[in-house]
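# Whatever this is, show me its structure:
(one chain, ligands or ions: 1)
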Amino acid sequence: MAAQKEQKQKQITDEEIFASCSFSSLGLQPSLCEQLRERLGFETPTQVQAQAIPVILSGRHVLVNAATGTGKTIAYLAPIIHHLQKYDPRIQRADGTFGKHHEQFLDVENILATALVLVPTRELCMQVYEILQKLLHRFHWIVPGYIMGGENRSKEKARLRKGISILVATPGRLLDHLKNTSSFMYTNLQWLIFDEADRILELGFGKEIQEILDILGSRQNRSAGLDGGISGASGFQRQNLLLSATLNEKVNHLAKISLENPVMIGLTERKLHQNLSPEHSGSVASEDDYEAEHIGRVIGSSTGDYNLPSQLVQRYVKVPCGSRLAVLLSVLKNLFEKEASQKAVVFFSTCDAVDFHYLLLKEFQWPFSPELEPELKRLFLSCNTFRLHGNMEQEERRNTFQAFKTEKSALLLSTDVAARGLDFPKVRCIIQYDSPGEATEYVHRVGRTARLGQRGDSLLFLQPIETDYLQDLEKHGVSLMEYPLQKVLDSFPLCCQKQKHFSKKLVSVETHPWVVGLQNALEAFVSAEAKMKKMAKAAFVSWIRAYAAHRGELKRIFMVKKLHLGHVAKSFALKEQPSLLGKSVHKQSKKRKNEHKHKGQAKKRKVTIRT
Ligand SMILES: Nc1ncnc2c1ncn2[C@@H]1O[C@H](COP(=O)(O)OP(=O)(O)OP(=O)(O)O)[C@@H](O)[C@H]1O
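This is a model prediction of the structure:
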């Protein structure tokens, strides 16, 4: 019976996810449809692909808003490849947007076109490039390429010089090449795509985007007589596409400055009205408009309901600050002991926090006793653990990304660098140990699981003082159930007789014998290891800084002055609060408050934290 129910649920999900048509019925070339089937195993388009592909094929500017993991990448790549592969004569490398010989083609009747995909992170850049490689297997004359931070500039220059038909790029490095690489030509640019549009702006790339649009737009005007990318004398059109699972004022702004009379896909009437009324979409905002819209406003405050995968089971757990670490480790132990073969991601707010927890999980033995015989020592958590953040060497970052993708059972500790767009197969659980801040980030983080109708669980850690955040999520139509923490803690074996007689009903999280025992062991472990202690202190300091950087409405929920710094220290297994640094954080927060008072309506400055 239960199996039948599950089967029925799966069927409903499949119908919700996939369309009842074929790729070829959407107007895509048969050879491309074959490629989708043979190389990627895609038989049927997803709902968003069925809606978006015909519109994108028609040449209109489009804004796509659809839940995480619903196939937005193919929705924009397939129509571009469809157009590029049918040019006759075939396009060549040197015809690419960036080919040095391309200018000779400006006179030909069929202007040879190329595409630029802008993404917020290096990992997403690699991911889109890899999909392109698979899709273009049969169309070897269309050359994909990527440029991104952390890579060798001269090698990138050489690749650009040879010509790239579809380029995937992160904004900073793109702008660098646009300004400094003379062979970098973009007059034939026909498609400009912003994947995870809002995140690009959230990462502080607003100015770069403006500049990129200016450079691309002005070049178009000069060489081809185009106005903002719309039909020009040469006969080709610039088509701009924006994609994101969440909408906010940043997408609204980007839509305004980059889309002309766009078709909205996946937007309800309410969202359309609230965020992106088409009459506002065509104008190009000035720098002043940008400032006015983005500084001092509460980000995400006007967003409507978010589309979350319906099969995603979302929970929260309320944990007093001092017990957070012990509870995190207990939740992970429970998860991997229940089902050894699975993948999970834990999100942290800073690189230092990722590093500390990574080393801790790699080395913390249980039961913890320095005198224990080596053969009796076991890791507390015996799963394959990876880390990912923006301060890692590019090589390690790349290796982690690839390894976590292919592993069948593994744990990834990450900052928000993994929150957007990344498609790690078979991730079953997302834990948000440090709160995500804006509701949009919550949606993208949990979106790394429950992709394309798959099962998925998410767990949000909140301190008792932070539970108003649940209401903030509710405002966006996101509601969470409580995690059965007591039951999980009770399921662990206790060490001594005295502990076994505790009254289960009366015990709080921080006095639960399992938590107390584990916390003591963690503190003993960290204090015994100089390196761990140093990392714990660094993580403590950066965690408080990140906490203090919450903006807008969220500052009311995540208030530094409400934190008990001694308890925060315990959450990094530090017996004592690193006092001097702690005081300075409080002072900083007080100082900021005073400054704010004096400035009155002064503009709020965005605090960028490296992820
Ligand atoms: N038509 C299809 N049939 C089967 N699988 C598909 C199809 N289209 C996409 N997929 C798969 O679905 C998963 C999600 O796709 P994709 O990463 O493009 O989603 P997304 O909507 O961009 O997600 P996010 O919002 O998180 O970036 C990928 O594993 C992809 O390979």
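
# How about the stretch 101-250 of the chain: which residue is closest to the ligand?
The ligand sits closest to residue 245 of the stretch 101-250 of the chain, with a gap of 4.1 Å, by C-beta to the nearest ligand atom. Where C-beta positions appear, they are placed from N, C-alpha and C, glycine not excepted.

# What is the burial count for that residue?
Neighbour count of residue 245, defined by other C-beta atoms under 10 Å: 25.

# contacting residues for it?
65, 66, 67, 68, 70, 72, 306, 307, 443, 444, 447 (C-beta atoms under 8 Å, 6 or more residues apart in numbering).

# Need the pLDDT of the last one.
Reading off the confidence values, residue 447 has pLDDT 96.

# and the protein, which residues reach the ligand?
On the criterion C-beta under 6 Å from any ligand atom, the ligand has as its neighbours in the chain the residues 42, 44-46, 49, 68-74, 245, 421, 423, 447, 451-452.

# In helices only, show me those residues.
49, 72, 73, 74 (DSSP state H).

# most surrounded residue in those residues?
residue 49 leads these on contacts (other C-beta under 10 Å) with 30 neighbours.

# Following the chain past the lowest-mean-pLDDT helix or strand in the chain, name the next helix or strand.
Scoring the helices and strands of the chain by mean pLDDT, DSSP states H and E places helix 287-294 at the bottom, with a mean of 28. Per DSSP states H and E, the first helix or strand lying C-terminal to helix 287-294 is strand 312-318.

# For that next one, output the C-alpha coordinates as CSV.
Presented in CSV, the C-alpha positions along strand 312-318 are these (Å, rounded to 0.1, in the frame of the first residue of the first chain):
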residue,chain,number,x,y,z
LEU,A,312,11.2,18.6,-0.7
VAL,A,313,10.8,17.9,3.1
GLN,A,314,11.8,21.1,4.9
ARG,A,315,12.6,21.1,8.6
TYR,A,316,14.1,23.4,11.2
VAL,A,317,15.8,22.6,14.4
LYS,A,318,15.9,25.1,17.4
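
# What strands flank that strand, and is each parallel or antiparallel?
Within its sheet, strand 312-318 is paired with strand 456-462 (parallel), strand 481-482 (parallel), according to DSSP bridges.

# Turn those into a markdown table, including mean neighbour count, mean pLDDT and distance to residue 408.
As requested, the strands paired with strand 312-318 are exported to a markdown table (neighbours: other C-beta atoms under 10 Å; pLDDT from 0 to 100; distance: least, C-beta to C-beta, whole Å):
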| stretch | mean neighbour count | mean pLDDT | distance to residue 408 |
| --- | --- | --- | --- |
| strand 456-462 | 22 | 97 | 16 |
| strand 481-482 | 10 | 97 | 28 |
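
# Output the ones you listed as a markdown table; include the columns distance to residue 557.
A markdown table is the format used below for the strands paired with strand 312-318 (distance: least, C-beta to C-beta, whole Å):
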| stretch | distance to residue 557 |
| --- | --- |
| strand 456-462 | 9 |
| strand 481-482 | 18 |
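
# Flag the shaky bits of this structure, pLDDT-wise.
1-13, 88-113, 218-237, 267-305, 368-372, 495-506, 579-611 (pLDDT under 70).

# what's the residue most central in space within it sitting at in phi/psi?
Taking C-alpha atoms, centre = their mean, the centroid of the chain lies closest to residue 420, which sits 1.7 Å from it. Per-residue torsions, residue 420: phi -110, psi 130 (degrees, to the nearest 10).

# you'd agree it is up against residue 444?
Yes. At 5.2 Å, residue 420 and residue 444 qualify as touching, with contact defined as C-beta atoms under 8 Å.

# overlap in contacts of these two?
Common neighbours of residue 420 and residue 444 (C-beta under 8 Å, 6+ apart) are 196, 199.
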